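Asker: here is a sequence with its predicted model. Questions after.
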Amino acid sequence: MDALPNLRRCLRAGGLGLLAALALHAPPFELVQRIDLALFDLWSRAGSTPPPDRIALVRVDSTAELGSLIDLAAAARAKLLVATLAQPPPALAEELVVGPLDVPVGATLRRTNWQQGGHLSFETGIDGRVRYDRPELRAEATTPSLGAYAAQRAADNSALASADADERRWLRFYARESFPTIALRDARTQPDRLRDRVVIAGPAVPAYRTSIGVLSAPELLAQVVAGYLEDRRITGGAFGSAVAWAAAALSIALACLRPPLSRSAIVLAGGTATVGLLAGAGVLFTALDFWLPVAGPVAWVSIAAVAFGLSSAELGSRRAHDIALAEARRAAAEGRLADAWLNYRQVSPTPALLSELYDVACALESNGATREAADLFHRLTQVDGNFRDVAKRLVRCSRPSSDPVAPDGMPAAMGRYQLLEPIARGAMGYVYLGRDPKINRIVALKVVDLAAEFEPAELETASRTFLREAEIAGRLSHPNIVTIFDVGESTGLAYIAMEYLRGHHLSEFTKSERLLPVPTVLDLLSRTADALDYAHAQNVVHRDIKPANIMYDSVSDGLKITDFGIARLIDVSRTKTGIVLGTPAFMSPEQLEGKNVNGHTDLFALGVSLYQLLTGHLPFRGASMTKLMFVIANEPHDSVTSVRPELPQWLDPIIDRALAKDPGDRFQSGAEMAAALRFGVAQLA
């Protein structure tokens, strides 16, 4: 990774982050400003300090009470009395008492009868909280704030707030409820508590939302006066914002000038810069009363880091793709086909790679590696299903033991699906390899000629049932159930479009000479039981569970149950052509008796499948259909250990429970059966 491309990507990510951060400033949400104000509040509460002890609060609710307090304050030699009541009492000691010249009424300021004082108008931010005072308001006349005027009078310093004239003075809040509060009756009995103090009087009704909570007018005014008297306030503002943006720009510039970083290093650097900005801003606020609005710069750094990380991941993926392709070509040239296949699996197929992928897949097929060849042919069909004879080869490699009988004149299309190659012939029709041209997806299309299978009087009912059952099955979404994409009818044929599955039906492993290892069988059927448990919870019963309806791909270790809903096309058990819907050897006693079936029926069939996959034999056999049905309903099965003595003894009770004649004696759910099978896997580990 060269330094210059890295610099370009870094600058591009920084520009994207800057644009995004600026967009977050825009109304109506103004997200960055809201975050900065929230941080202002957080740090105000965290760094609040005790106020000066020369300020006291007294609650008065009327001009009469205020008059009494004025007399008490004068007698006790209070420094100053600051009132928040809108109207003064009739007689005033003007050298002692000040009050609000203007008070807010709605959106305007209304003049009062006070002769000395200032305005009592506090502006709120976009979130409705008070955080600053206006030392002066300049309208028809210049009016100082009541807090600034009171501090000037108390300090005998007329220039106390002049530097802040007509500007915001951000409040450095003191600890809430820490100003001494004196009841009027206590002021009468203990007048010395007012001596030499600035007394702030008014109603104790909470009226202002602030950084430290909801305060009454006297409480908020005490915060303002104390700040002026001690010359404590929050500085920074616009200057602090410029400092924060400069720090963010510096951190991004340093990242761009460094050697190329890994994605984890980028995330770490971005996180470190973000934490550093936040921590630094917090320390400056609480220790030095300096405010850096950092939300915008933090958003810039964070978004830039994410964008740069994604760009690095994309570049890394491209490099990995190029390395895998080069290694695949080298391995193919040296005849190491297995290594070539492993590397080609990491390469995204494109039209330019079709020829070389096809050649390697054909070579794999010729060498007997049909599973690996099928994997590459499948990747080819996802790019171009009509490329050479790739569809035919995919079917042949996926089902090497099958011998599909193609119908005369395979139609070119079924609905919107392009038919590529017949896959197999089923009990009620054909299965084709197809392609959805709208999204270039390879599918398997199960096509049923209902007119050939059902009597005319039953055809309409069968068609409705087919589509309804396929639609119900299509609602199932489970990793071990085949996905149904679409159902429909075309030229008198009903079809289901489902995901194309590679691998083998488990029926290919039911012969004594081809049995799978016992742990593999138990693992596969535990996954099948989990899938059935999910389907039963959706009130969907399969009705024809058997190894032939369970597909297994050993390359990806993928397992899928197929043909959900197909076994319930009509309410009778036989079609016009004599095909029995469902497989008798796997049917439960209650299913053979024509009773309503439920999840217990599927679990019985799964037990039969387990027996067959472990032993290579069916648990129930009969010379005729009638005999078979009698055996299933009445006779016990041979234990699996008697058929195959090397099997562990604990398998017998699992099989016995799965094949119990009474549904109440079987596993009561797929999850319960799956747990029993997984316990068996653990026993063999």
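Answerer: That came through, no problem.

Asker: the closest residue to Leu354 other than its chain neighbours in helix, strand or coil?
Answerer: Closest residue in space to Leu354, ignoring its immediate chain neighbours: Phe387 at 5.4 Å, by Cβ to Cβ, 6 or more residues apart in numbering. (Each C-beta comes from the backbone N, C-alpha and C, glycine too.) The assignment at Phe387 comes out as coil when based on DSSP: H, G, I helix; E, B strand; the rest coil.

Asker: and Phe387, what pLDDT?
Answerer: Reading off the per-residue confidence, Phe387 sits at a pLDDT of 88.

Asker: repeat that for Trp291.
Answerer: Predicted confidence (pLDDT) at Trp291: the value is 93.

Asker: how about the one 4 residues further on?
Answerer: What the model reports as pLDDT for Ala295 is 91.

Asker: and it, how many neighbours?
Answerer: Look at Ala295: counted by other Cβ atoms under 10 Å, it has 24 neighbours.

Asker: hang on, isn't it packed against Leu39?
Answerer: Yes: taking contacts as Cβ atoms under 8 Å, Ala295 lies within contact range of Leu39: 7.0 Å.

Asker: okay, helices next: where are they in the stretch 201-350 of the chain?
Answerer: Assigned helices in the stretch 201-350 of the chain, in chain order: 217-230, 238-257, 263-288, 295-333, 337-344 (criterion: DSSP state H, counting those that start in this stretch).

Asker: which of those sits most buried?
Answerer: The densest packing among the helices of the stretch 201-350 of the chain, expressed as mean neighbour count by mean count of other Cβ atoms under 10 Å, is seen in helix 217-230 with a mean of 24.

Asker: show me what stretch 113-124 is in contact with.
Answerer: For stretch 113-124, the external contacting residues (Cβ atoms under 8 Å, 6 or more residues apart in numbering) are 82-84, 87-88, 92, 94, 97-104, 109, 130, 132-134, 137, 143-150, 208-209, 217, 220-221.

Asker: how about Ala78, nearest residue that isn't a chain neighbour?
Answerer: Closest residue to Ala78 apart from its sequence neighbours, by Cβ to Cβ, 6+ apart: Leu194 at 4.5 Å.

Asker: how about that neighbour, what does it touch?
Answerer: With contact set as Cβ under 8 Å, 6+ apart, Leu194 has these partners: Ala56, Val58, Leu72, Ala73, Ala76, Ala78, Ile182, Ala187.

Asker: show me which of those is closest to Leu284.
Answerer: Within the contacts of Leu194, proximity to Leu284 (Cβ to Cβ) peaks at Ala56, which comes in at 32.1 Å.

Asker: which of the three states applies to that closest one?
Answerer: Secondary structure for Ala56, judged by three-state DSSP, is strand.

Asker: do you know how far it is from Ala75?
Answerer: Taken as Cβ to Cβ, to the nearest Å, the spacing of Ala56 relative to Ala75 amounts to 15 Å.

Asker: out of the contacts of Leu194, who has the most neighbours?
Answerer: Note: the member of the contacts of Leu194 with the most neighbours is Val58, at 28 neighbours, neighbours being other Cβ under 10 Å.
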